[in-house]
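K.L.:
give the three-dimensional model of this entry:
(6 chains, ligands or ions: 6)
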Amino acid sequence: MHASAEPNATLVTIVTEAVLESRLTRDLTACGARGWTITDARGHGPRNRRASELEGGNIRLETLVTDAVATSIMDVLSREYFPSYAVAAWTSAVTVTRVERYS
Amino acid sequence: MHASAEPNATLVTIVTEAVLESRLTRDLTACGARGWTITDARGHGPRNRRASELEGGNIRLETLVTDAVATSIMDVLSREYFPSYAVAAWTSAVTVTRVERYS
Amino acid sequence: MHASAEPNATLVTIVTEAVLESRLTRDLTACGARGWTITDARGHGPRNRRASELEGGNIRLETLVTDAVATSIMDVLSREYFPSYAVAAWTSAVTVTRVERYS
Amino acid sequence: MDLTSTLGLALENLTSPPVLAFAIGIIAVLLKADLRLPDAAYQAISMYLLLAIGLKGGVALRESSPADIVAPALIAVLLGVLIPIAAFGLLRLLTRLSAVDRGALAAHYGSTSLVTFTAALVFLEAAGIAFEGYVATLLTLLEIPGIIVGLLLARRGQQVRARSSQSPASQRRIDWESLREVLTAKSVLLLVGGLLIGVITGPAGYARTEPFFGALFTGVLTLFLLEMGALAGRRLPDVRTAGPGLLAFAVVFPVIAGCAGVLGGALGGMSPGGAAVLGVLCASASYIAAPAAVRLALPDANPGYYLTASLGITFPFNLIIGIPLYVAIAQAIA
Amino acid sequence: MDLTSTLGLALENLTSPPVLAFAIGIIAVLLKADLRLPDAAYQAISMYLLLAIGLKGGVALRESSPADIVAPALIAVLLGVLIPIAAFGLLRLLTRLSAVDRGALAAHYGSTSLVTFTAALVFLEAAGIAFEGYVATLLTLLEIPGIIVGLLLARRGQQVRARSSQSPASQRRIDWESLREVLTAKSVLLLVGGLLIGVITGPAGYARTEPFFGALFTGVLTLFLLEMGALAGRRLPDVRTAGPGLLAFAVVFPVIAGCAGVLGGALGGMSPGGAAVLGVLCASASYIAAPAAVRLALPDANPGYYLTASLGITFPFNLIIGIPLYVAIAQAIA
Amino acid sequence: MDLTSTLGLALENLTSPPVLAFAIGIIAVLLKADLRLPDAAYQAISMYLLLAIGLKGGVALRESSPADIVAPALIAVLLGVLIPIAAFGLLRLLTRLSAVDRGALAAHYGSTSLVTFTAALVFLEAAGIAFEGYVATLLTLLEIPGIIVGLLLARRGQQVRARSSQSPASQRRIDWESLREVLTAKSVLLLVGGLLIGVITGPAGYARTEPFFGALFTGVLTLFLLEMGALAGRRLPDVRTAGPGLLAFAVVFPVIAGCAGVLGGALGGMSPGGAAVLGVLCASASYIAAPAAVRLALPDANPGYYLTASLGITFPFNLIIGIPLYVAIAQAIA
Ligand SMILES: Nc1ncnc2c1ncn2[C@@H]1O[C@H](COP(=O)(O)O)[C@@H](O)[C@H]1O
Ligand SMILES: Nc1ncnc2c1ncn2[C@@H]1O[C@H](COP(=O)(O)O)[C@@H](O)[C@H]1O
Ligand SMILES: Nc1ncnc2c1ncn2[C@@H]1O[C@H](COP(=O)(O)O)[C@@H](O)[C@H]1O
Ligand code: NA
Ligand code: NA
Ligand code: NA
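P.N.:
Ligands and ions are numbered 1, 2, ... in the order given. As a prediction, the model looks like this:
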């Protein structure tokens, strides 16, 4: 393993339609996430059915959470977002120093 | 291992000159990528030779693919992009739930 | 392991206040980083005390470095940035092809 | 009003810079070029148009007596409720779309299009036809109700179906909190805000901002319609898949709703110009507020239907044919 | 000058489009709506305002004899040094804030607010009150010194405390390199650049750019104040936590500094209009350059104090009450 | 035309707001400050300038008889082919650059610079010198051919070398698909679109958009040249490394090509003003379309050469000295 230290947190990355931003952050908070970082993005995917481009394209949201919170976020996404909206989401193992901030 | 589950997909991240966007996405499609997410970016690198800043700086592209597609993308980058253009690229192991969407 | 190859570099991701951009890149260079990629971002965190929104929100900076450089970056962050500024930072293990560019 | 002057109006509209810019925007898409404005410019110009319309409307509103406005305002709200219901019904006749898709379309046609309204004002001013200053108030009144009626129609349709099929998706409740954010969006506030500023500051205060909010208006709209042409043009490939029923709806319904609006305006005692503007408001379909609200509240509705109909067909139709048509009808009636 | 005309000035200010737009921006925040301009538009409009002020000031500067400017310029620089010292002292009386927080606030009140200045010019022009063309020069002179004095005051306070407590954070030195970047920022360069262009090109050259830099000015400011209202409004919830001492400071200190400015202007031989502008410059608190510099140099200072005071209280106070007040005082003195 | 009036022209140019703003932009870079516009504003203003030029040109085009345009148009296309060939040849004499780098430079000097053209129009209008309305058509005709000729010259040079050295990079084919996207870019479409709108709508339609597209033009250009100064200034450090040969080329070649353009215009029957504009078109080097196309098609060409020459040297040279020079020559010839 080549990283500075063993992974001790999970990074969940979610790409979805910009119109969902406020609903998504509310859902993340409910799952236990205490922070997130958002950038504006554009993209292309296998489905490509979406609302007006007028509202801007996608957002790319990252949230650093515990494993348990990550699992509950992926559950909410699977249940509430995947069936109806344009979403891509993935998790990865990362290392943080102030782990108490993210749990 | 601390992620929600074992990694089951590869995330390829490519940072390059904005003027290459359409050529790059065509090449990714040819390699088998079925989706990608792009954000506008700026940067600094060891080479730093590039086209007009007028055309905007860099793009940062992420594509979630299978291991095989990732390998073929890195091959194309090494052959067609690294020699002549400003590019930084890396891959990492990530976990997705709807793995069939990315293969 | 599912990535194209074993990890051979460390990706440090830093999210912080936009007003710190030039100071941060100077510090990264001093730590040995030879390149970085920046995107504009917005976010929410457990502290949320920051300068004027007038100066724009956050930046999200990524730098691909060796393990040793990553450690020294995290040290500088812990000493100089964490106590006073809004920062989130994490490291992860990634795979690059032209490893000499990043060390 | 005779045919010659109607054709004259139509020709004047067709050769005006805003409509020509719209055509160039569409042609650019066909040539695979991208004439879109940067997103920030698009947002800033939208805000400018809304504030300018509000301001000018507010200054004019000072001169209207409240008594003059009551009837047109009530008629507008009534139309805002009836039009989506009529759309929902007509779509059942013309198409085989599901209740959700019909509700989504009803929400779009029940609401209004800022740019179509703006183009109508510019057209009337160029043609020297007077209209009431309070039409900006009617725009504000008509923006939201139609969307809510459309969503409720879709929801009712879903529940009827759900009772038999028990599909879990249809059990989901509307997320009113998210919807509130969409519906109290910038547009209503900027219009109302502009109206208030105009009413309070009056002609003297307005005069100093006129070079910005007044003189530039047609030019800015021209630049903006380039972008709208690009947006509409990107919807054109989907027109083929929309089916003949939806296509017919997107052309016929605006005319019906437009006539209803003109008639309502005339009954409410408005001048021909004002009645024509109410007609345009009724005929136009929303392409900003409604899509965002529908995407959140009715994720199963297909954007391929509602965006294509409102932005790809009805918007160009109104811009090119509808506006002079409703003006001609209003002049004939009055 | 009698009370009637003072009230007339106040009313004219309150019903002007820029001030009304500011109010709408605040109200929108209370309604949880977001009327903010896209960031790129905000930046571009700021650059436009700075260049336009510089240009116009430069053209007027040609007509001033250097002798007329020397006294007001010296007085302005003196005020730029004294005002932050006075603020630092008054804050010690009124609040229990630490030296760092008081220094941070001193830096803000020692500097100036472009938009308050702009609004004052627009107000004077609307009221038909003349002022010296070189006031833009005074704006430039006053922007930076106050910030540096404020930072030094904070630093001295920190060192005094550090000698006893030995806290490591207070040993950190100011990062002058980063600060230089902040302080030689766009604003000073655009102002000075505009002044130079104006001086060299003169009335003839300016005339061709007047439709852009002159005629649009009030309208653009109106659009911009919508955004400023949104920014100020977002600070309002923090006002409660700021404490009565800071609140009092944010209202009382502008009046004191404003009177000092008016007096200084009158002593320097300026017209009532010009003295009023110098009063506005002294009374206004920076909300761009100072926050950025303070954030870098004094990270331990709480933005909740300095942003709330400068942007949430003093800015609206000056815009609504301060400007006509300083004008009335200047007219009374002269 | 005598020397006095030539110097008068030069001075008038040097003291005009656009040129002064350009100088401020350069100076800001030397002071390590950043006066750049946000990217979205840069894009939006570019679109505005292109549309405005097209529109005005189109309105004027209505008055021209097609017969008048044929000769200048043919001459323009001819120059568009000959100029890059001449540049390619002269670079072989003056420098030791590779064929690829010379081809890249030829592509830049074969194409044109929108902002230089715009500045020339503003200069002529300020000086009260008439020019043909169809010059915007010539701009459109000259933008693309020179780029393609330059790329082909570079490619031929590469293949000649490749036949002996067998380097794999030179086997790569030009990616015409990507190039098509770059070359059918916004600029040509906006110009042609604007021309069409202008031709169709005519003076009456244009009049209503004139406050936006006409009156603001010089002011907007002034703001824009601030940014162009920043861009050019950022290239200046590279001038030292460019070598004396390239430096000489970047100053001498514009004068040669400018004279060719003026002569061609005069032979084609254009007025002195019109011939001067054709001279400016020939003398100017592209800094948008050409760099993007060259970066894609000739990745091995060094941007340090072509951007520095076109943006860092030739652009300021034309703006400050070239434009009045070509006008003076045109007036002397005619
Ligand atoms: N394989 C992928 N890699 C990265 N991003 C993706 C991928 N597939 C989809 N996306 C992103 O997810 C969004 C929604 O995808 P879709 O639901 O297929 O339209 C796209 O617009 C992309 O931004
Ligand atoms: N070590 C690095 N970490 C992250 N991004 C990098 C790194 N090196 C280069 N880049 C990005 O890749 C782009 C091209 O690098 P270069 O080819 O060296 O100019 C830069 O502009 C950066 O955005
Ligand atoms: N858990 C998290 N995941 C991702 N980004 C975060 C997280 N917490 C904080 N951030 C980012 O770091 C910035 C500063 O956080 P804070 O210091 O808590 O205000 C926020 O504005 C976010 O952009
Ligand atoms: Na409607
Ligand atoms: Na002050
Ligand atoms: Na040329």
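
K.L.:
so where's the chain uncertain?
P.N.:
All of this is about chain A. Scanning chain A for pLDDT under 70 picks out A:1-4, A:48-56.

K.L.:
that's the wrong chain, I wanted chain D
P.N.:
D:1-3, D:159-178, D:181-185.

K.L.:
kindly report the residues of chain D close to chain C.
P.N.:
Counting by Cβ under 8 Å from any Cβ of the partner chain, none of the residues of chain D come close to chain C. Yep, even glycine has a C-beta here, placed from its N, CA and C like the rest.

K.L.:
middle-most residue in chain D, spatially?
P.N.:
residue D:113 (2.0 Å; Cα atoms, centre = their mean).

K.L.:
tell me who's in contact with it.
P.N.:
Residues near residue D:113 by Cβ atoms under 8 Å, 6 or more residues apart in numbering or on different chains: D:284-287, D:310, D:315, D:318.

K.L.:
correct me, but residue D:321 touches residue D:7?
P.N.:
No: with contacts counted by Cβ atoms under 8 Å, residue D:321 stays clear of residue D:7, the gap being 11.9 Å.

K.L.:
which one of the two has more residues nearby?
P.N.:
More crowded of residue D:321 and residue D:7, by other Cβ atoms under 10 Å in any protein chain shown: residue D:321, with 16 against 12.

K.L.:
give the contact list for that one.
P.N.:
Counted by Cβ under 8 Å, 6+ apart, residue D:321 has contacts residue D:10.

K.L.:
any chance of the contacts of residue D:113 in JSON lines, with secondary structure too?
P.N.:
As requested, the contacts of residue D:113 are exported to JSON lines (DSSP: H, G, I helix; E, B strand; the rest coil):
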{"residue": "D:284", "secondary structure": "coil"}
{"residue": "D:285", "secondary structure": "coil"}
{"residue": "D:286", "secondary structure": "coil"}
{"residue": "D:287", "secondary structure": "coil"}
{"residue": "D:310", "secondary structure": "helix"}
{"residue": "D:315", "secondary structure": "helix"}
{"residue": "D:318", "secondary structure": "helix"}
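
K.L.:
number of nearby residues for residue A:103?
P.N.:
With other Cβ under 10 Å as criterion, residue A:103 counts 15.

K.L.:
I figured it was touching residue A:65, is that so?
P.N.:
Yes: look at residue A:103 against residue A:65 with Cβ under 8 Å: they come within range, at 7.5 Å.

K.L.:
give me the common contacts of these two.
P.N.:
residue A:9.

K.L.:
residue D:196 against residue D:58, yeah?
P.N.:
Yes: under the criterion of Cβ under 8 Å, residue D:196 makes contact with residue D:58 at 6.4 Å.

K.L.:
now the nearest residue to residue A:67 once chain neighbours are set aside: how far from residue A:71?
P.N.:
Among residues not flanking residue A:67 along the chain, residue A:10 sits closest, at 5.3 Å (Cβ to Cβ, 6 or more residues apart in numbering or on different chains). Distance from residue A:10 to residue A:71, counting by Cβ to Cβ, to the nearest Å: 9 Å.

K.L.:
between those two, who's got more neighbours?
P.N.:
More crowded of residue A:10 and residue A:71, by other Cβ under 10 Å: residue A:10, with 25 against 16.

K.L.:
surely the more buried one is within a strand?
P.N.:
Yes: assessed with three-state DSSP, residue A:10 lies in a strand.

K.L.:
distance of it from ligand 1?
P.N.:
For residue A:10, the distance to ligand 1 equals 18 Å [Cβ to the nearest ligand atom, to the nearest Å].

K.L.:
what bridges to that residue?
P.N.:
Beta bridges link residue A:10 to residue A:65, residue A:93, judged by DSSP bridges.

K.L.:
assess the claim that residue D:41 and residue F:41 are in contact.
P.N.:
Yes: counting by Cβ under 8 Å, residue D:41 sits close enough to residue F:41 to count as a contact (7.5 Å).

K.L.:
identify the contacts common to the two.
P.N.:
E:40-41.

K.L.:
and the residue sitting nearest the centre point of chain A, what is it in contact with?
P.N.:
The centroid of chain A falls nearest to residue A:14 when counting by Cα atoms, centre = their mean (3.2 Å). The contact partners of residue A:14, taken as Cβ under 8 Å, 6+ apart, are A:24, A:60-63, A:73, A:77, A:87-89.

K.L.:
same deal with residue A:32?
P.N.:
Taking Cβ under 8 Å, 6+ apart as the contact definition, residue A:32 lies against A:65-66, A:68-69, A:72.

K.L.:
residue 71 in helix, strand or coil?
P.N.:
You didn't say which chain, so I picked chain A. Classification of residue A:71 using three-state DSSP returns helix.

K.L.:
for ligand 3, see how far away it is.
P.N.:
Distance, residue A:71 to ligand 3, using Cβ to the nearest ligand atom: 16 Å.

K.L.:
and residue D:196 and residue D:58? Which one has more around it.
P.N.:
Using other Cβ under 10 Å, the more surrounded residue of residue D:196 and residue D:58 is residue D:58, with 27 against 19.
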